[in-house]
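A.B. asks: missing the sequence, but the structure's below:
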Ligand SMILES: CSCCC(=O)C(=O)COP(=O)(O)O
Ligand SMILES: [Zn+2]
């Protein structure tokens, strides 16, 4: 346990992550034991609360959370998400305060159709990721999957577009981030809406 993060802070973060997880699971975006969420608890040193590995994300309790360091290694708690290292990398790279990973059908299907990246334009919903609705094209990058989180992190760093707080991992799912869990949720719902529109519109 680090001196600057109390067990209560961690449990409070766990309650937030459990509620966010239950919402995404209710949408069918975290089927089986898929998906994981995190929230940054301190920046220096970097510490995140991340969902524990292997749980049904629709049934998490506030205790099903692990404190991890900047490499995704457990500092306090049980076994962190297998993708904790990537969450830490996204938080360090983007300055995000919360990261969402969901396994949606639309993200995998669109990643297959557009392996070079998914381009959106002329959609009011683009305002939901801080972009103008018209006269710009915004690309959601698609990166190849890997079981090595360092490799995935390198691919995400190279491919990410600062105008789009999300990346599709091919054959796997969607990573989205925001300043805090609420904004990360809004970004996730907007990006998933954009993906579903592209999928149904073609
Ligand atoms: C069927 S889920 C496979 C692992 C995965 O991609 C995932 O998102 C969940 O992993 P975790 O270790 O966070 O439970
Ligand atoms: Zn996953």
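C.D. replies: That came through fine. Keep in mind that what you see is a predicted model, and the values were worked out from it rather than measured. Numbers count the residues shown, from 1 in each chain. Ligands and ions are numbered 1, 2, ... in the order given.
A.B. asks: and the nearest residue to residue 156 once chain neighbours are set aside, backbone torsions?
C.D. replies: Leaving aside its chain neighbours, residue 156 sits nearest to residue 167 (5.3 Å; criterion: CB to CB, 6 or more residues apart in numbering). C-betas here are computed from N, CA, C, even on glycine. In terms of degrees, to the nearest 10, the main-chain angles of residue 167 are phi -140, psi 140.
A.B. asks: go ahead and confirm residue 167 touches residue 157.
C.D. replies: No: contact between residue 167 and residue 157 fails when scored by CB atoms under 8 Å: they sit 9.9 Å apart.
A.B. asks: of these two, who's got more company?
C.D. replies: residue 167 (26 against 15; other CB atoms under 10 Å).
A.B. asks: and that one, how far is that from residue 123?
C.D. replies: Taking CB to CB, to the nearest Å as the measure, residue 167 and residue 123 are separated by 19 Å.
A.B. asks: can you classify residue 48 by secondary structure?
C.D. replies: Secondary structure assignment for residue 48 (DSSP: H, G, I helix; E, B strand; the rest coil): strand.
A.B. asks: give the contact list for it.
C.D. replies: 38, 39, 40, 41, 67, 68, 84, 87, 88, 91 (CB atoms under 8 Å, 6 or more residues apart in numbering).
A.B. asks: how about 10 Å then?
C.D. replies: Residue 48 sits next to 13, 37-42, 65-70, 72, 75, 80, 84, 87-88, 90-92, 97-99 when contact means CB atoms under 10 Å, 6 or more residues apart in numbering.
A.B. asks: give the bridge partners for it, please.
C.D. replies: residue 40, residue 68 (DSSP bridges).
A.B. asks: now do residue 173
C.D. replies: If you apply DSSP bridges, the partners that residue 173 bridges to are residue 169.
A.B. asks: which residues does it contact?
C.D. replies: Neighbours of residue 173 in contact, by CB under 10 Å, 6+ apart: 29-30, 34-36, 83, 101-105, 107-108, 111, 145.
A.B. asks: swap in 6 Å and give it another go.
C.D. replies: By CB atoms under 6 Å, 6 or more residues apart in numbering, the contact list for residue 173 reads 102, 103, 107.
A.B. asks: repeat that for residue 125.
C.D. replies: Here residue 125 is in contact with 190, 193 (criterion: CB under 6 Å, 6+ apart).
A.B. asks: 7 Å instead, please
C.D. replies: 190, 193, 194 (CB atoms under 7 Å, 6 or more residues apart in numbering).
A.B. asks: that's all I had, so thanks and see you.
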